[in-house]
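**Student:** next input, structure requested:
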Amino acid sequence: MTIMTFLHFMREKIEIGIFEVGLGGRLDATNVVDEPACSVITPISYDHMGILGDTLERIAREKAGIIKKDVPLVCSKQHKNALETIITIAKDRNVKVHLQGRDFDYTDKGIINGNGQVMDYISDLGDIKGITVPLLGEHQLQNASVAIRTIQVISQNLGLSISDDAVKIGIEKSFWPCRLEVVPGDPFIILDGAHNGASAEALAHALKRHFTYEHLTMVVGILRDKDTTRFIRSLAPMANRIISTQSTYYRSLDADKLCSRFKRRLFNCESILNPKRLLRRL
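**Tutor:** Okay, here's the model as predicted:
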């Protein structure tokens with residue numbers, strides 16, 4: 001898939017290509033891009049620990065594998081242990097680090113009727129005020145500020161002229177399926193792909209921030225290698241009703257086993273595999 005992407009981008013004669021790492025960084029297929037205009041590391045949390053390592057330092061070392069000699073790095077706020085690892089590797093490779101919370105950040109300006117939020121971007125390379133972010137959750141303000149800093153760094157290094165208005169329009173038009181995606185109707189449905197402890201906590205915070213409700217039914221399916229303990233701890237207390245299910249994907253955790261994990265922590269849960277039956281029960 002990575003090679004297909006390279007070929008497609010080449011045929012389309014793109015000016016800038018954005019490659020998202022699939023897993024980790026150091027050994028990921030996308031890491032064959034050896035002279036990027038900029039590298040970006042978003043918040044590091046516990047995930048894929050069987051492959052990347054069981055500590056934040058080890059995971060950060062794998063993520064930092066994308067850092068290239070003399071190529072600038074834009075880095076989100078990180079846990080202290082992860083940040084120290086990243087900074088050490090960046091210093092060894094003579095990399096200028098653009099760190100969120102030090103060189104750039106955002107100011108939360110509040111929500112818009114549950115349909116979005118507004119932020120000011122603050123930076124030593126220039127501020128951008130009144131940016132509408134349609135994606136829900138405060139973590140998306142953090143993501144947006146990282147994206148803007150990346151644009152600023154790339155613009156400087158490549159001699160591009162990208163206006164603040166273009167940046168604002170780009171963010172205002174962003175759409176991310178299954179990331180707090182709202183499906184209006186009866187019942188009112190929210191789709192989200194949270195799959196580890198950190199993303200479950202972000203989802204819980206966003207639900208409190210953007211929505212008011214009298215009754216919350218939570219339908220959950222998860223993969224076998226995910227941390228169900230933190231997931232359940234973050235989200236289960238918010239639900240009036242919990243239904244476990246599973247996909248046809250081979251790594252999916254058995255719905256009955258997932259249901260038993262909720263019950264072990266004294267949460268009521270029922271297991272429903274058939275999607276049509278599940279929707280009727282909502």
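**Student:** from residue 246, how far out is residue 256?
**Tutor:** 9 Å (CB to CB, to the nearest Å). Backbone N, C-alpha and C define where each C-beta goes, glycine included.
**Student:** can you check residue 24 too?
**Tutor:** Following CB to CB, the distance that separates residue 24 from residue 246 is 26 Å.
**Student:** cool, residue 255 as well?
**Tutor:** When residue 255 is compared with residue 246 (using CB to CB), they lie 4 Å apart.
**Student:** go on, residue 220?
**Tutor:** Using CB to CB, residue 220 is found at 9 Å from residue 246.
**Student:** before we move on, what about residue 157?
**Tutor:** Counting by CB to CB, the gap from residue 157 to residue 246 is 46 Å.
**Student:** please identify which of those two sits among more neighbours.
**Tutor:** residue 246 (20 against 12; other CB atoms under 10 Å).
**Student:** before we move on, what SS does the more buried one have?
**Tutor:** coil (DSSP: H, G, I helix; E, B strand; the rest coil).
**Student:** so what's it up against?
**Tutor:** By CB atoms under 8 Å, 6 or more residues apart in numbering, the contact list for residue 246 reads 221, 252-255, 258, 273.
**Student:** residue 20 too?
**Tutor:** Contacts of residue 20 by CB under 8 Å, 6+ apart are residue 30.
**Student:** at 6 Å what do you get?
**Tutor:** The contact partners of residue 20, by CB atoms under 6 Å, 6 or more residues apart in numbering, come to none.
**Student:** low-confidence ranges in the stretch 101-250 of the chain?
**Tutor:** Low-confidence segments of the stretch 101-250 of the chain, defined by pLDDT under 70, are located at 114.
**Student:** for it, just list every one of the helices.
**Tutor:** 138-158, 164-172, 197-210, 228-235 (DSSP state H, counting those that start in this stretch).
**Student:** and of these, who's closest to residue 37?
**Tutor:** The minimum distance between residue 37 and the helices of the stretch 101-250 of the chain falls on helix 138-158, with 4.9 Å, by CB to CB.
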